[in-house]
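Trainee: no FASTA, just this:
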DNA sequence: CGCTCATATTAGAATAATTCTAATCTATTG
DNA sequence: CAATAGATTAGAATTATTCTAATATGAGCG
């Protein structure tokens, strides 16, 4: 793919990152644009803050870890990311915000999506008045061979 | 309830704590006995390390935080406790090791059991060869009124 | 019982992930 | 382009947890 004259009509990474941030009402700063691209230009992924920081540095993008955290949380707030809690002490951020669940490989720490349709949860009593379901997380924890 | 002459025939807290530890092949030390009682004498509960430490101090049991952590993890290893991960950076230990799932009140940080039968998960592809399912966690996250 | 030793416990230091702070920058708007 | 609200930053601070090395203790044995 060759360099194109600057138009605005197609989904180049840059343009789409900009749109993503605009839609989320977040100022498109240099670092947010870069992080948006790192996060969303490669399909669904699960990253930790440190990982993303590493990728940013590898890509010669100067971003502090504080900004990584700020941005990840803002993205979660804006519905661009979903935080997955599987490991005490480590947070994963999932670029797939659709209806789905997870396989978690305990040995390697890797997460894998399971399409939402493959899992059904029989209806349950919505808890005490004044509360509503934010989300239902299903995590299938996998270990190597020896089943426990 | 008054002090009983020392017999061995009924399920006093002390005796059962001893049995629990023996069954788990863990030496019944002073602190493990005390923690066993604190954990299991009051029905199903979800505690953090700090909480348990606090309870121990309140009960005038001298135990270091390191021992709390050691013990909690040994108990998990022995199948006496189950670790529930719902909050990044905080671990809950559940005295209910049977088949069940959880409501998680995001505002208060409280966990509540949901009997296992109330939740059914439609079968899913067991992941890559060489792995087996260790556990399936279903966490229903609740928020206050405003749904999201 | 009292020794011995493997196992536990402990205080405190160390680590890891994350958040905070206050100073410095930078989009945005007029 | 100046003003300013909002963003970024380095580094300190916080939180939860683990590690370390020294000390204590339960279990088995004579």
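Mentor: Yep, it's here. Only a predicted model underlies this, so the values are computations on that prediction, with no experimental measurement involved. Numbering: from 1, shown residues only, chains lettered A, B, ... in the order given.
Trainee: Could you pull out the buried residues of stretch A:97-109?
Mentor: A:100-105 (16 or more other Cβ atoms under 10 Å in any protein chain shown). All C-beta atoms are positioned from the backbone trio N, CA, C, and that covers glycine.
Trainee: Of those, which is the nearest to residue B:34?
Mentor: Using Cβ to Cβ, residue A:104 comes nearest to residue B:34 of the buried residues of stretch A:97-109, at 33.8 Å.
Trainee: Can you report how many residues neighbour the nearest residue to that closest one once chain neighbours are set aside?
Mentor: Of all residues not flanking residue A:104 in the chain, residue A:86 sits nearest, at 4.7 Å (Cβ to Cβ, 6 or more residues apart in numbering or on different chains). Counted with other Cβ atoms under 10 Å in any protein chain shown, the neighbours of residue A:86 add up to 20.
Trainee: Residue A:86 should be in a helix, yeah?
Mentor: No. Using DSSP: H, G, I helix; E, B strand; the rest coil, the secondary structure at residue A:86 is strand, not a helix.
Trainee: Which pLDDT value belongs to it?
Mentor: You'll see residue A:86 listed with a pLDDT of 95.
Trainee: pretty sure it contacts residue A:102?
Mentor: Yes. Using Cβ atoms under 8 Å, residue A:86 is in contact with residue A:102, at 7.1 Å.
Trainee: So which of the buried residues of stretch A:97-109 is the closest to DNA strand C?
Mentor: Among the buried residues of stretch A:97-109, residue A:104 lies closest to DNA strand C (Cβ to the nearest atom of the strand), at 15.2 Å.
Trainee: For the closest one, give the beta-bridge partners.
Mentor: Here residue A:104 shows beta-bridge partners residue A:111, residue A:141, assigned using DSSP bridges.
Trainee: who touches it in this structure?
Mentor: A:86, A:110-112, A:139-142 (Cβ atoms under 8 Å, 6 or more residues apart in numbering or on different chains).
Trainee: follow-up on the earlier one: overlap of the contact sets of residue A:86 and residue A:102?
Mentor: Common neighbours of residue A:86 and residue A:102 (Cβ under 8 Å, 6+ apart) are A:111, A:139.
Trainee: Could you list the paired strands of whichever strand or helix holds residue A:83 along with their orientation?
Mentor: Assigning secondary structure by DSSP states H and E places residue A:83 in strand A:82-87. Sheet partners assigned to strand A:82-87 using DSSP bridges are listed as strand A:90-94 (antiparallel).
Trainee: List the buried residues of the strand it pairs with.
Mentor: For strand A:90-94, by 16+ other Cβ under 10 Å, it's A:91-94.
Trainee: go on, stretch A:116-128?
Mentor: So for stretch A:116-128, counting by 16+ other Cβ under 10 Å, buried means A:119, A:121, A:124, A:127.
Trainee: Not counting sequence-adjacent ones, nearest residue to the third one?
Mentor: It stands for residue A:124. Computed as Cβ to Cβ, 6+ apart, the closest residue to residue A:124 that is not its neighbour in sequence is residue B:118, at 5.2 Å.
Trainee: Phi first, then psi, for that neighbour.
Mentor: phi -70, psi -10 (degrees, to the nearest 10).
Trainee: Could you measure from it over to residue A:103?
Mentor: 23 Å (Cβ to Cβ, to the nearest Å).
Trainee: phi, psi of residue A:24?
Mentor: According to degrees, to the nearest 10, residue A:24 has phi -90, psi 0.
Trainee: List the residues that contact residue A:137.
Mentor: Residues in contact with residue A:137 (Cβ under 8 Å, 6+ apart) are A:84-85, A:101-102, B:137-141.
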